[in-house]
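*Asks:* Give me the fold of what follows.
(2 chains)
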Amino acid sequence: MNIESYLSQTISVVVNHLFELATTPESIVLQKTKKEFEGDYTLVTFPFIKAAKATPEQTGKLIGDMLLKENANIINFNVVKGFLNFSLANTFWLNEFKEIVAQPNYGIKKANSSGKQIMLEYSSPNTNKPLHLGHIRNNLLGFSVANIIQTQGHEVIKVNLINDRGIHICKSMIAWKLFGNGETPESTHEKGDHLVGKYYVAFDKEYKKQTAELEAQGLAKEEAEKKAPIMLQTQDMLLKWEANDSETIELWKTMNGWVYKGFDVTYKKLGVTFDKLYYESNTYLLGKEIVQEGLAKHIFYKKENGSVCIDLTNEGLDEKVVLRSDGTSVYITQDLGTAIERAKEFPKLNQMIYTVGNEQDYHFKVLFKCLEKLGYDWAKECFHLSYGMVELPEGKMKSREGTVVDADDLIDGMVATAKETTEELGKVEGFTTDALETLYETIGMGALKYFILKVDPKKKMMFDPKESIDFNGHTGPFIQYAHARIKSILRRFEKPTHELIISDGIELHAKEKELIKGLYEFSISLEESANSFNPAIVANYVYELTKLFNQFYNECPVLKEENETVKEFRIKLIETTSTIMKNGMKCLGIEVPERM
RNA sequence: GGUCCCGUAGCUCAGCUGGAUAGAGCAACAGCCUUCUAAGCUGUGGGCCAUUGGUUCGAAUCCAAUCGGGAUCACCA
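*Replies:* Numbering: from 1, shown residues only, chains lettered A, B, ... in the order given. From the prediction side, this is the model:
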């Protein structure tokens, strides 16, 4: 049951009767009562004082009196200025709790016929370098949003479009050919993506050296950059690749193979998965036909030099090239092609979501506008899940220069810190070695994932590698710890919990009531989180719930409670709390341990 | 320069579909482990919510301008 809409309904009836209004339940301003005041919900009465022809205080009292008379669930009220605070009966909250308990997956809707089919693209790595912190945000965000959308009864197809071709890929290939001496991940015991990334950096170094030399010989900077031998070799290689030169293709396959193996390890550590992989080498030629189609429809036009453009100046955008004068594709050509291809491949698709950084806001505006102009009505259901950059205190990350926070290093560092902390706290007893390894990963990754996901995706976020991610306070381990504490109590409880019956006569402790309210909120937060594609809402919700639990834990003994009815109720209460914590964290891709 | 995003405590972030005295965490300080795991709980200090003006009974929240920061405006991806 949605408590707010139930109350709004009641209030609108009362208000309409009292003041001869025609207020709809939706227009009632209702909020949770602030901590400092007595009550559960608060009605803002300012909107009614005119119709009531009374002061805010009098208006509040009028409404309060009538609510008290009309609704048995409302047992008390007080008025402070224009605010009517009212309390709901003990039994009301107990019943609410029973309803939650009766739904094993409270807040989570099963996939049903009214659910949508949604494609969500995320990750989209380049195969010339390892993943870094920016990719971590992308991956965690994409995976988490997919989970969250699923809880609302939708089907999500997670896809990864791998950027496996192009000049940047050739750069690391050339560098490897020149300086690699036949190195392989096996020979160097290096992760494949790191090995290839090393040569990408090597390319940049050599390229800078060569341009500097040419500049010293008197060439202009621009000229030098064009004429550097290594750049010419790279361009030549790209041509060979496009001409399907067997030796080049062979090297490309080999090196990309190394990278994929490396990526798989990182993806596994991050716990992200995909339903379908797309490779740009297969899709980059798509879209040319679309351009012809657009030309025929006079949506695109040909310029004198032969390039094809679209004029979006009326839309507040610019003129954009969609096909080069030499007839080759640009970025947006393939994106048009890929989108249309996917729509054909999945005819039931209701929405396409692209998880890509906000530096590409403009690109996606143009892309969606193009699709719309081409007459694809699903274009307005396309959504760019845009997220802010992860910033470092020293400035930007540049993978070419190797000044990045590497994903694997960061992950390993987090796990190592988890290990250190656990050992320092002396909490290693009773675990097998394997269980400990798993625990360190759970805690380390929990801390990292929570750190990233608790902030609003739209906003840029700051990450200071020098300050390690915290394990105290508003963090993943804080929640994991509370969960483990609950499980510890449940392990000691002698009866099977499913047999427990919640008695009606229980007088709720303040912290118990707060906790029930907190449990109820899960469903609302999850829905809000899904609607706004924002995992931070769930993340912050679970934190709030955990705080409520910790307060309860401090004030209300469970196993030591002498009254058997109360004890069993509390068992049920914490069991439900642990389930919601677990389900909430699962949405974020974070595991919660049974003990820690 | 055009367009878009962002400015909240020393730091990292909530709150933004307008409502009461603006919240957390970290850091600092002070309490709580013969009581279910102290990765916890309780308390103290810390704020012209960038600035100015407007709308409103009421503005951190909406509007405008200014200042500061970032992104983007490629026949790169």
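*Asks:* near RNA strand B, which residues of the stretch 351-500 of chain A show up?
*Replies:* A:358-363, A:388-389, A:396, A:418, A:421-422, A:425, A:427, A:443, A:454-456, A:458-462, A:464, A:470-475, A:477-478, A:481-482, A:484-485, A:487-489, A:492 (C-beta under 7 Å from any atom of the strand). All C-beta atoms are positioned from the backbone trio N, CA, C, and that covers glycine.
*Asks:* residue nearest the centroid of chain A?
*Replies:* In chain A, the residue lying closest to the centroid (C-alpha atoms, centre = their mean) is A:L141, at 2.8 Å.
*Asks:* tell me which element that one falls in.
*Replies:* Here A:L141 sits within helix A:133-150, counting by DSSP states H and E.
*Asks:* next structured bit after that helix?
*Replies:* Assignment by DSSP H and E places the next element after helix A:133-150 at strand A:155-162.
*Asks:* Which positions within the helix or strand following that next one qualify as buried?
*Replies:* Once the chain leaves strand A:155-162, the next helix or strand it forms, by DSSP H and E, is helix A:167-179. For helix A:167-179, burial by neighbour count (16 or more other C-beta atoms under 10 Å) applies to A:168-176.
*Asks:* Can you tell me the element the residue in chain A that RNA strand B sits nearest to falls in?
*Replies:* Per C-beta to the nearest atom of the strand, the residue of chain A with the smallest distance to RNA strand B is A:G473, at 2.0 Å. According to DSSP H and E, A:G473 maps onto no helix or strand at all.
*Asks:* Would you map the helices across the stretch 1-150 of chain A?
*Replies:* A:3-19, A:49-52, A:56-70, A:90-102, A:133-150 (DSSP state H, counting those that start in this stretch).
*Asks:* most packed of the ones you listed?
*Replies:* Mean neighbours per residue, mean count of other C-beta atoms under 10 Å, is largest over the helices of the stretch 1-150 of chain A for helix A:133-150, with a mean of 24.
*Asks:* do that one and RNA strand B meet?
*Replies:* No. Counting by C-beta under 7 Å from any atom of the strand, RNA strand B has no neighbours in helix A:133-150; the shortest distance is 10.9 Å.
*Asks:* which of the residues of the stretch 351-500 of chain A next to RNA strand B are buried?
*Replies:* By neighbour count, with 16+ other C-beta under 10 Å, these hold A:358, A:363, A:388-389, A:418, A:421-422, A:427, A:443, A:454-456, A:461, A:471, A:474-475, A:477-478, A:481-482, A:484-485, A:487, A:489 as buried.
*Asks:* right, and A:E527 touches A:Q152 too?
*Replies:* Yes. A:E527 is within contact range of A:Q152, at 6.5 Å (criterion: C-beta atoms under 8 Å).
*Asks:* quick one: common contacting residues for the two?
*Replies:* The contact sets of A:E527 and A:Q152 do not overlap (C-beta atoms under 8 Å, 6 or more residues apart in numbering).
*Asks:* all helices of the stretch 401-550 of chain A, in order?
*Replies:* So, for the stretch 401-550 of chain A - with DSSP H, counting those that start in this stretch - the helices run A:407-424, A:433-453, A:476-492, A:510-531, A:535-555.
*Asks:* Please tabulate those helices in CSV, including the columns distance to A:Q103 and mean pLDDT.
*Replies:* Converted to CSV, the helices of the stretch 401-550 of chain A look like this (distance: least, C-beta to C-beta, whole Å; pLDDT from 0 to 100):
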stretch, distance to A:Q103, mean pLDDT
helix A:407-424, 34, 95
helix A:433-453, 25, 97
helix A:476-492, 19, 97
helix A:510-531, 9, 96
helix A:535-555, 16, 97
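*Asks:* Got phi/psi on the residue of chain A closest to RNA strand B?
*Replies:* Note on A:G473: backbone dihedrals following degrees, to the nearest 10 are phi 80, psi -140.
*Asks:* ok, it to A:K547 distance?
*Replies:* Distance, A:G473 to A:K547, using C-beta to C-beta, to the nearest Å: 10 Å.
*Asks:* and if you look at A:G446?
*Replies:* Distance from A:G446 to A:K547, counting by C-beta to C-beta: 17 Å.
*Asks:* Look at the two and report which has more neighbours.
*Replies:* For A:G446 versus A:K547, neighbours defined as other C-beta atoms under 10 Å are more numerous around A:G446 (28 against 16).
*Asks:* residue contacts, the more buried one?
*Replies:* By C-beta under 8 Å, 6+ apart, the contact list for A:G446 reads A:476-477, A:479-480, A:585, A:590-592.
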